[in-house]
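the sequence and its predicted three-dimensional model are supplied below.
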Amino acid sequence: MNSKPRSPRRKIRTGFALGLSIALLSLLCCTGGTAAFFLTSLGTTRQSPTAADMSCEEDHQVKLSGTIPRLGRYGQTQMRNAAVIIKVGQDMKVPPRGWVIAVATAMQESALRNLSNSTVAGSRGIPNEGVGSDHDSLGLFQQRAGWGSVTQRMSPDYAARKFYEKLVKIDGWERMPLTRAAQKVQISAYPDAYAKHEDVASQIVNALAGGAARTVQIAEQAVCDRAAARTIAASGWTAPIDGGVGSGFRTASRPRHNGVDIGARKRTEIHAAATGRVLVARCDPDHSGNRSCDVDGFPGKGGCGWFVDILHAGGFVTRYCHMIEKPRVAPGQLVKAGEVIGLVGSSGNSSGPHLHFEVHIDSNRSFSGGINPVPFMRQRGAPLNGSA
C-alpha cells in the first residue's frame, strides 16, 4: 500500500468543529428560552429522511439490478456505485458499520463517482465518470498506485474490496469515530474531512440496504433499533440511557419543553449519543442567576443544572441536563459515541431524577434549532424507549 499522505479531491473547507472559534452564550434549558448560539463553517449536508430511514428490514441485502433510488444530490449512477460498495461489504461479511464508513469515504474522495485522471482519460479507453485532479489517484476511493493497477483501481468492486481489506485489519475499527477509521485506511492530508458525510452515508445505506444503518451487531447478527448506552448503531448513534420517555417534546401543557425527559435512577451513567466535540459542560444558572447545581432542584427553579452540549457531524447538537454532579467531560474535548459524560441527577429545573435530552439541527443551540428527539433517534437505530 502507498502510505504517502494524500489530499482527498473534495477538500474539506470547514472541518468537523476542530478549529472552531466558539463564543459560548448563557442559556436556560428546561423551560425553554435558550439563548441563540450558531456555529459557522461546519459544512453541513443534510437530506430529508427517506421511507427507508423510518423502517428496518430483516433482509439488508442490497440489490444491484432494477431502479436505484436517488438521494438528494446523489443521482442513480452515484447511488449505484454506493450499492456496489455495500454489496462488496456484504459479500465480505463486513458489518453494516463498515458500509457506512466506506460510503462516507467515497463521498469525500470522489462524490461517489468513478473518477479517472488526465493521463488515463481518453488514452486507455477505461470507462470513467469524470476526471479528478489529485496526482495519480483513481476511482471511487481515489486510490494511488500502491493499491493496484490502473484497471483494478478503476473497478468499483476491486476498489471497495481493497478498502474493506485494510479497514477490518484496524484494531477496534467498529467503535472508532468514522473519520478516524477512514483516515487509518486512506492516510489523507485532511484527516477530519470524512466526518461530515456520516449522516448522509447512513441515509444512503438505509435507502439501499433496508435500513441497515439502524442496526447493531448482536451475536454476529444485524439487529434493528437496539442501540443504547455502549451499543452503537451502524449510523454511529446510541441512546444516551435506557428508560422510557415521560414528558415529551413541546407538548400542549409544556410548549417550551425543548426536549424529552427520560426517567432513571440517580447516578445512572449518561452516554454521548454520538461522536462529537463538547461545546459546554457546566452549571446552568437558575432564574435568579444562582449556580446551585450540587443540590436537587425543583419545578420553577429554572436552568439545566449540570449539563453538557455536544456538537456532532452534520451540524447536530445534543444536550444532556440535570446531572447530579460536575460532568466528566470538558469543553473542547472529543468524545466517542457511548462514552460516559456524566451521571443522572435532579439539579436545576427538575422535580425528580431524570435525563432531559435535546437534539438541535444546523448547529443552532437556541429554541428554534430544537427538534423532537424521538423520531430523530429512531431514524438512527437508537430509539428512546417510550413515545412522546
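It's in.

give me the element Phe376 is part of.
Secondary structure from DSSP states H and E places Phe376 in helix 373-379.

report the distance from that helix to the chain centre.
13 Å (Cα atoms, centre = their mean, to the nearest Å).

low pLDDT regions in the stretch 151-300 of the chain?
By pLDDT under 70, the stretch 151-300 of the chain has no low-scoring segment.

check what pLDDT Val150 gets.
Note on Val150: pLDDT of 88.

surely it is in contact with Gln143?
No: applying Cβ atoms under 8 Å as the test, Val150 and Gln143 come out as separate, 10.4 Å apart. (Glycine included, C-beta is placed from N, CA and C.)

among those two, which residue is more densely surrounded?
Comparing Val150 with Gln143 by other Cβ atoms under 10 Å, the one with more neighbours is Gln143, at 25 against 17.

OK, contacts around that one?
Contacts here follow Cβ atoms under 8 Å, 6 or more residues apart in numbering; on that basis Gln143 touches Ser137, Arg153, Ala159, Lys162.

same thing with Ile310?
Applying Cβ under 8 Å, 6+ apart, the residues near Ile310 are 272-274, 276-279, 317-320, 335, 341.

redo the residues you listed as JSON lines? Include distance to Val308, secondary structure and neighbour count.
JSON lines is the format used below for the contacts of Ile310 (distance: Cβ to Cβ, whole Å; DSSP: H, G, I helix; E, B strand; the rest coil; neighbours: other Cβ atoms under 10 Å):
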{"residue": "Ala272", "distance to Val308": "8", "secondary structure": "coil", "neighbour count": "24"}
{"residue": "Ala273", "distance to Val308": "11", "secondary structure": "coil", "neighbour count": "32"}
{"residue": "Ala274", "distance to Val308": "13", "secondary structure": "strand", "neighbour count": "28"}
{"residue": "Gly276", "distance to Val308": "10", "secondary structure": "strand", "neighbour count": "27"}
{"residue": "Arg277", "distance to Val308": "11", "secondary structure": "strand", "neighbour count": "20"}
{"residue": "Val278", "distance to Val308": "6", "secondary structure": "strand", "neighbour count": "20"}
{"residue": "Leu279", "distance to Val308": "8", "secondary structure": "strand", "neighbour count": "22"}
{"residue": "Val317", "distance to Val308": "11", "secondary structure": "strand", "neighbour count": "23"}
{"residue": "Thr318", "distance to Val308": "8", "secondary structure": "strand", "neighbour count": "24"}
{"residue": "Arg319", "distance to Val308": "7", "secondary structure": "strand", "neighbour count": "26"}
{"residue": "Tyr320", "distance to Val308": "5", "secondary structure": "strand", "neighbour count": "29"}
{"residue": "Val335", "distance to Val308": "9", "secondary structure": "strand", "neighbour count": "23"}
{"residue": "Ile341", "distance to Val308": "5", "secondary structure": "strand", "neighbour count": "23"}
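
for the residues you listed, which one is nearest Ile85?
Ile85 lies nearest to Ala274 out of those, by Cβ to Cβ, at 22.1 Å.

you'd agree the closest one is up against Leu311?
No: counting by Cβ under 8 Å, Ala274 stays clear of Leu311, with 10.1 Å between them.

all strands of the stretch 101-250 of the chain, in order?
215-218, 221-224 (DSSP state E, counting those that start in this stretch).

okay, those, which one's buried deepest?
strand 215-218 (a mean of 20; mean count of other Cβ atoms under 10 Å).

next one: it to chain centre, how far?
On Cα atoms, centre = their mean, the centre of strand 215-218 falls 16 Å from that of its chain.
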